[in-house]
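Q: Take a look and give me a structure for this.
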Amino acid sequence: MTRLIIFNLLLLGSCGYALLRGTRDAQAIAIVTLVASFASFALVSRYTHVEFGVLVVDVLTFCAFTAVALKSDRFWPLWISGLQLTTSFGHLLRAWEDQLVPIAYAVALRSWSYPIQIILAVAVWRSQRRERPDHRTAPSG
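A: The predicted structure follows:
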């Protein structure tokens, strides 16, 4: 229960920050992340077999992240896309190894969501710093 609260706070905080202060890339990533998170939550059962609904959500999320990364002039969306690809491989792992413990499958799918949120928040913060005029280099008069 505590993990769910922490994740939801991180999710809403990073995505809210991106929607309010982020570039178009960050806003697109935030929207996709929110939709995918709620869809996955609604579709997951008990991780005892391949979660086909979540697999579809994860693959579509990977495609959306990759589309943003290919159009972006920044590198951070590639990191997010790569982490989402790693998440998608968790489904292949479960399909290949039928005896995989459900908790290992769940961790393989969920664990990369945290770094994705952190990268998104840091990217927005760095973007704001880049756009802000630096008062220390202004000529003194």
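Q: how far away is the nearest residue to His91 once chain neighbours are set aside from Ile118?
A: Nearest residue to His91, sequence neighbours excluded (CB to CB, 6 or more residues apart in numbering): Leu55, at 4.5 Å. Using the backbone N, CA and C atoms, a C-beta is placed for each residue, glycine as well. Going from Leu55 to Ile118 by CB to CB, to the nearest Å gives 24 Å.
Q: same check, this time on Val68
A: The gap separating Val68 from Ile118 is 17 Å, by CB to CB.
Q: And the two? Which one has more around it.
A: Per other CB atoms under 10 Å, whichever of Val68 and Ile118 has more neighbours is Val68, with 20 against 12.
Q: which SS state does the more buried one fall under?
A: Here Val68 is recorded as helix under DSSP: H, G, I helix; E, B strand; the rest coil.
Q: Report pLDDT for it.
A: Here the pLDDT value assigned to Val68 is 98.
Q: Surely it is in contact with Ala28?
A: Yes. The pair Val68 / Ala28 is scored as a contact, 5.1 Å apart, by CB atoms under 8 Å.
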